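>>> I'd like to go over a predicted model; first the sequence, then the structure.
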Amino acid sequence: MKIIGITACPTGIAHTYMAQECLEKECKKRGYDVKIETQGGLGIENELTEDDVNSADVVILAVSVSIEGEERFDDKPVVRTDVDEAISHTAALVDRAVALVKGK
Amino acid sequence: MKSFLKDIQKYLLTGVSYMMPVVVVGGVILAISLLGADQTAKGLVPTNPIMVYLNLLGKAGMALMIPVFSAYIAYSAAGKPGLAPGFVLGYIANNTVSINGVDCKSGFLGALVLGLMTGYMVKWMKTWKVGKALRSIMPILVIPVVTVFVVGMIYYFVIATPVSFLMTALTNYMTSLNSTSVIGLAIFMGIFAEIDFGGPVTKAVSMFTLALISEGVMGPNGIFRILVAVAPIGIFLSTLIAKDKYTPEERNNATAVGIMGCLGITEGAIPFAIKDPKAVYPACIIGNIVGALIGALGNVTCPVPHGGFIVLPVVGNKLWFVVAILTGAMVTAILLKIFKKKLPAEETEEKKENIVSATEAQ
């Protein structure tokens, strides 16, 4: 299982990175491959490459603002939510992403 | 309907996130330019050339905040073609125009409405099925010109008067608050301003105080910027006075949370609030009310949309700002000591064996 995602919050200094950390922690705990791009105050960091996107099973977009490059995931299963859910209900969110893959 | 509102929230938050640094630039430089300025009948006037130039730079930042806000609301809704009409229409919202002999300036509120209208208009125009020849000139000619024309006319003939009336009424009300209503405002802000520690409710309050900054009313923002620091610093202090109620990991994290609080970032408090909401929410809210009241009675003002001790140099009534933060934080800390349940002794001590077995289990 490989999960990729993007996190972005309005101010781009705290929530963005907390959500990234929560998602990475939860996925690693389950033994999944994971890469989370952040679109915070400094712009795009830890950018998802084309390879990342191609090899990913599912995309989690935990964003409370408009993000750049959403069209990259046009033919991928995508879970959309806001940044808060990735922080407070990380496990449930990852469950949803996994269910989306398995349900296909 | 729910997803429609959710979209609007997202658009507005995007606008705020792009506007924020512009206001910080304008607010900080403007505040510096007014240090040691002469008090005249026309307000504060900077004395030497450097200060005069700084004053111009600061005013430029403040003047741009409104157009940037509406432009990026439109950008969020409609992508790149939303930017140009968003900037132009935001600019008109921020300039006074005489309509039927009445001066109208809808400012922040107008820019919000115009940004959304522009965004939806452009988004809709993007769905038009047009011929090949026309398609290439849609984004550079048709969309910007038609959008500015249509939304601009609607603005002047319909929206400008009521919205600027509302905005003026709000500004006047906020400038003429008597002491009882100041206390009411402080209590209200104490409860709601940081109820989700930097989340959507906080940002809504922040938009309200930003709107008032753009009209030159800095008091509510002063109160708000105190509250930003109260909860995280309070939690940090409580880990010092109530060691038996936190795990070692939490005590470690709390130092970082305290530093974040001083730098004006409330979000550090979230993990603590999630873990023990019954203790943390009431303690933080009461601490915030205390901080807000002290700030309001001390007439604290702040010209920038950021808080904590890091903005101290540009804050008005600095002493009260510091007193408000520290008192609020101490109240929060003491209440946390009372509200939080004691942890079993083994959880509050370093537990080496457990850590080892936890790693093995993975």
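Looks like it came in fine. Residues are numbered from 1 along each chain as shown, chains lettered A, B, ... in the order given.

>>> what residues are up against residue 57?
I'll assume chain A. Contact analysis of residue A:57 by Cβ atoms under 8 Å, 6 or more residues apart in numbering or on different chains lists A:1-3, A:77, A:101. Every C-beta, even on glycine, is put in place using the N, C-alpha and C of the backbone.

>>> wrong chain, I was asking about chain B
B:29, B:33.

>>> Find the closest residue to chain A in the stretch 51-200 of chain B.
residue B:76 (3.9 Å; Cβ to the nearest Cβ).

>>> Kindly state the pLDDT recorded for that residue?
In this model, residue B:76 is scored at 93, pLDDT.

>>> secondary structure element for it?
Using DSSP states H and E, the element containing residue B:76 is helix B:49-78.

>>> Could you list the buried residues of that helix?
Buried residues in helix B:49-78, counted by 16 or more other Cβ atoms under 10 Å in any protein chain shown: B:51, B:54-55, B:58, B:61-62, B:64-78.

>>> likewise stretch B:145-160?
B:147-148, B:151-152, B:155, B:159-160.

>>> Let me see the mean pLDDT of it.
pLDDT averaged over stretch B:145-160 gives 95.

>>> CA atoms of that stretch as PDB?
Extracted in PDB, the C-alpha atoms of stretch B:145-160 (Å, rounded to 0.1, in the frame of the first residue of the first chain):
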ATOM      1  CA  VAL B 145     -13.100  42.300 -19.500                       C
ATOM      2  CA  VAL B 146     -16.600  40.900 -19.200                       C
ATOM      3  CA  THR B 147     -16.100  39.900 -15.600                       C
ATOM      4  CA  VAL B 148     -14.800  43.400 -14.500                       C
ATOM      5  CA  PHE B 149     -17.600  45.100 -16.500                       C
ATOM      6  CA  VAL B 150     -20.500  43.000 -15.200                       C
ATOM      7  CA  VAL B 151     -19.400  42.600 -11.600                       C
ATOM      8  CA  GLY B 152     -18.200  46.200 -11.500                       C
ATOM      9  CA  MET B 153     -21.500  47.600 -12.700                       C
ATOM     10  CA  ILE B 154     -23.400  45.400 -10.300                       C
ATOM     11  CA  TYR B 155     -21.100  46.700  -7.500                       C
ATOM     12  CA  TYR B 156     -21.700  50.400  -8.300                       C
ATOM     13  CA  PHE B 157     -25.500  50.100  -8.900                       C
ATOM     14  CA  VAL B 158     -26.500  47.500  -6.300                       C
ATOM     15  CA  ILE B 159     -23.900  46.400  -3.700                       C
ATOM     16  CA  ALA B 160     -21.700  49.400  -3.000                       C
END
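
>>> Stretch B:303-310 - what's its average pLDDT?
87.

>>> now do stretch B:288-298
Stretch B:288-298 carries an average pLDDT of 94.

>>> residues making contact with that stretch?
With Cβ under 8 Å, 6+ apart, stretch B:288-298 has contacts from B:179, B:182-183, B:185-187, B:189-191, B:193-194, B:219, B:222-223, B:226-227, B:230-231, B:317, B:319-321, B:323-325, B:327-329, B:331-332.

>>> One more pass at 6 Å, please.
The contact list for stretch B:288-298 (Cβ atoms under 6 Å, 6 or more residues apart in numbering or on different chains) reads B:182, B:186-187, B:189-190, B:194, B:223, B:226-227, B:230, B:317, B:320, B:323-324, B:327-328, B:331.

>>> and these, which of them are in helices?
B:182, B:186-187, B:189-190, B:223, B:226-227, B:230, B:320, B:323-324, B:327-328, B:331 (DSSP state H).

>>> In PDB, list the C-alpha atoms belonging to stretch B:305-322.
Coordinates of each C-alpha in stretch B:305-322 appear next as PDB, following Å, rounded to 0.1, in the frame of the first residue of the first chain:
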ATOM      1  CA  PRO B 305      -2.500  40.100  12.100                       C
ATOM      2  CA  HIS B 306       0.000  38.100  14.200                       C
ATOM      3  CA  GLY B 307       0.300  37.700  17.900                       C
ATOM      4  CA  GLY B 308       2.400  36.700  20.900                       C
ATOM      5  CA  PHE B 309       5.500  38.500  22.200                       C
ATOM      6  CA  ILE B 310       7.100  38.600  18.800                       C
ATOM      7  CA  VAL B 311       4.900  41.500  17.700                       C
ATOM      8  CA  LEU B 312       5.500  43.500  21.000                       C
ATOM      9  CA  PRO B 313       7.600  46.200  19.300                       C
ATOM     10  CA  VAL B 314       4.600  47.400  17.200                       C
ATOM     11  CA  VAL B 315       1.900  46.900  19.800                       C
ATOM     12  CA  GLY B 316       0.100  49.900  21.500                       C
ATOM     13  CA  ASN B 317       0.100  49.900  25.300                       C
ATOM     14  CA  LYS B 318       2.900  47.300  25.500                       C
ATOM     15  CA  LEU B 319       2.900  46.900  29.300                       C
ATOM     16  CA  TRP B 320      -0.800  45.900  29.300                       C
ATOM     17  CA  PHE B 321      -0.200  43.500  26.400                       C
ATOM     18  CA  VAL B 322       2.400  41.700  28.400                       C
END
